[in-house]
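Participant: Got a sequence here, can you model it:
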Amino acid sequence: MKNTILFIQRTLGILFLLAGIDKFTKLSEDPFDRIKTGFNANTGSYLEPVSTFIFNHHTFFISFVGVLMITTGLVEIINNHWVKPAGILQIIMLASFMLYFHRAIPQIFIIDGVFIVLLIIVVFQGGK
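Facilitator: So this is what the prediction gives:
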């Protein structure tokens, strides 16, 4: 069981590392376009003030999320004593993405939901 948890943890780490790198290289998606899509979908909703702030400061948010994804991904790959805090941070990050993008990309509940379930398993069953 421990080896399975470690495999899940390191796989998630690799995926987060690659996603973080992609925020800066834009190989699979343009993060600004994604933020703009969320901003447009949230216009007129209770999320409009937050969406406007994120849209107006998109460079900071893209860089911040990219660095967090790279850092937490590396922590999970290395498997040090920061795995649990990194996993909790990733859960909060994914939940934030779900809140921001749920109007624009409803399938985010399935995609990020799977990641959250796996991260909960890693945080409570594995990690150091």
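
Participant: how about stretch 110-126: buried residues?
Facilitator: For stretch 110-126, the neighbour count (16 or more other CB atoms under 10 Å) marks 112, 115-116, 118-119, 121-123, 126 as buried. Every C-beta, even on glycine, is put in place using the N, C-alpha and C of the backbone.

Participant: Let me see the residues that make contact with that stretch.
Facilitator: For stretch 110-126, contacts defined as CB atoms under 8 Å, 6 or more residues apart in numbering pick out 1-2, 5-6, 8-9, 12, 15, 76, 83-84, 87-88, 90-91, 94-95, 97-98.

Participant: quick one, helices of the protein?
Facilitator: Under the criterion DSSP state H, helices of the chain are mapped to 2-25, 31-42, 48-56, 58-78, 83-101, 108-125.

Participant: Next, the buried residues of the fifth one.
Facilitator: It stands for helix 83-101. By neighbour count on 16+ other CB under 10 Å, the buried set for helix 83-101 is 83, 86-87, 89-91, 93-94, 97-98, 100-101.

Participant: Now it: average pLDDT?
Facilitator: Averaging pLDDT along helix 83-101 yields 95.

Participant: For that helix, enumerate the helices and strands it packs against.
Facilitator: Helix 83-101 is packed against helix 2-25, helix 31-42, helix 48-56, helix 58-78, helix 108-125, with contacts defined by 3 or more CB pairs under 8 Å, 6 or more residues apart in numbering; DSSP states H and E.

Participant: Could you rerun that using 6 Å?
Facilitator: If contacts are counted by 3 or more CB pairs under 6 Å, 6 or more residues apart in numbering; DSSP states H and E, helix 83-101 sits against helix 58-78, helix 108-125.

Participant: Now render those helices as CSV, adding mean pLDDT.
Facilitator: Output for the helices and strands packed on helix 83-101, formatted as CSV (pLDDT from 0 to 100):
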stretch, mean pLDDT
helix 58-78, 96
helix 108-125, 94
